[in-house]
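Chemist: Fold the following, please.
(one chain, ligands or ions: 2)
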Amino acid sequence: MEKILEVNNLHVTFTTYGGTVKAVRGVNFHLHKGETLAIVGESGCGKSVTSNAIMRLTPEPPGKISQGEILFHGKDLTKVWEKEMRSIRGVDISMIFQDPMTALNPTLTIGTQLMEGLKQHQNVSGSDAKKKALEMMDLVGIPNPEERLKQYPHQFSGGMRQRIVIAIALICEPELLIADEPTTALDVTIQAQILELFGRIQEETGVSIILITHDLGVVAKIADRIAVMYAGKIIETGTKREIFYEPQHPYTQGLLKSVPRLDLDGEKLTPIDGTPPDLFSPPQGCPFTARCPFAMEVCDKVYPGDSKLSGTHQVNCWLQDERAKQLLAVSTVR
Ligand code: SF4
Ligand code: MG
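Modeler: Ligands and ions are numbered 1, 2, ... in the order given. Got it, this is the predicted structure:
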């Protein structure tokens, strides 16, 4: 399968009066054409910082992509000029955010906002732009598109607004769509409809999707692969099956235990005790050490290597690191 995106050793920092926050610390992942990769983790783990970096939306300063590369079809986006980035954003790579209200301009009609991107980036006539806008309204399931184009954002429900935001993101036919918590602001039934819509859009357009979320229920519905982030690092990656049925990192296991299960009505959730480490001075070893029930002496001192459990499943945990056996052997000898 063709790789459309490859992120290698990405580091993002934020300089504050209190010091430098190491928000993203050596992140690696890739995305194939037509697949959905979910990046999951608690708030503050660096998932939005990562996706903003791909769009080159890191506010500089105080933010900075301090190391690494973001290869989109082999081109390193960390190195392109802002002018070129402007022609990539919204055209080749689009992004949608959590709150559909702030993403839309309340003073412009939906039609104007839909056609704006087309007119700006592609040299299309007014009638072709309108035709395309109507097509997009249809794709995202908005009834009476002809009339609806003339209306303003406040005339739509939250779910409909998010459909419009998705239509705007897709109108220039991007290859990559980044969705940062796209359903968090919506109620559960609408959430389910929007997630279904993502699936249908992917089938119809072949767009690749990076989904940023803290919600494993959302992930279960639409992800092909999952990357779990913790304290600025990806600590486990695998197919949806591997992560849900054979999670190997104690943090991933803890996350899954804290997901409410419909079949276990009334059973208590077990959130993971403790809090993530301070990213001003993150630990050099495994960042989960302080919360991990299996932590060993080595965990705190040395970051575990990449352990490949299958062609798609990878974890960073000393429980799976080959070197642990040697280290343990050494410590018993002593
Ligand atoms: Fe726990 Fe150690 Fe694995 Fe980190 S490396 S998750 S502390 S066992
Ligand atoms: Mg976020």
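Chemist: Please make it C-alpha for all contacts and neighbour counts, starting now.
Modeler: Fine.
Chemist: Would you mind giving me the confidence score for residue 273?
Modeler: Residue 273 is assigned a pLDDT of 84 by the prediction.
Chemist: you'd agree it is in a helix?
Modeler: No - assessed by DSSP: H, G, I helix; E, B strand; the rest coil, residue 273 does not belong to a helix; its assignment is coil.
Chemist: thought it was touching residue 291?
Modeler: Yes - assessed by C-alpha atoms under 8 Å, residue 273 is found in contact with residue 291 at 6.4 Å.
Chemist: So those two - more neighbours on which side?
Modeler: residue 291 (16 against 11; other C-alpha atoms under 10 Å).
Chemist: Return the residues in contact with that one.
Modeler: By C-alpha atoms under 8 Å, 6 or more residues apart in numbering, the residues touching residue 291 are 272, 273, 274, 275.
Chemist: redo that, cut-off 10 Å
Modeler: The contact partners of residue 291, by C-alpha atoms under 10 Å, 6 or more residues apart in numbering, come to 250, 251, 272, 273, 274, 275, 276, 277.
Chemist: and the second one, how many neighbours?
Modeler: For residue 251, the tally of surrounding residues (other C-alpha under 10 Å) stands at 23.
Chemist: what about residue 299, distance to residue 94?
Modeler: Separation of residue 299 from residue 94 (C-alpha to C-alpha, to the nearest Å) stands at 39 Å.
Chemist: no no, residue 143
Modeler: Here residue 143 is placed at a distance of 24 Å from residue 94 (C-alpha to C-alpha).
Chemist: Compare neighbour counts for those two and give me the winner.
Modeler: residue 94 (23 against 10).
Chemist: what about that one, which SS state?
Modeler: strand.
Chemist: Spatially nearest residue to it, not counting backbone neighbours?
Modeler: Among residues not flanking residue 94 along the chain, residue 177 sits closest, at 4.9 Å (C-alpha to C-alpha, 6 or more residues apart in numbering).
Chemist: what about the one you found, which SS state?
Modeler: Under the three-state scheme (three-state DSSP), residue 177 adopts strand.
Chemist: repeat for residue 12
Modeler: strand.
Chemist: Pull up the gap between it and ligand 1, please.
Modeler: 22 Å (C-alpha to the nearest ligand atom, to the nearest Å).
Chemist: Just list the residues touching the nearest residue to residue 293 once chain neighbours are set aside, thanks.
Modeler: Excluding its sequence neighbours, the residue lying closest to residue 293 (C-alpha to C-alpha, 6+ apart) is residue 250, at 7.9 Å. By C-alpha under 10 Å, 6+ apart, residue 250 lies in contact with 235-236, 256, 272, 288-289, 291-295, 317, 319.
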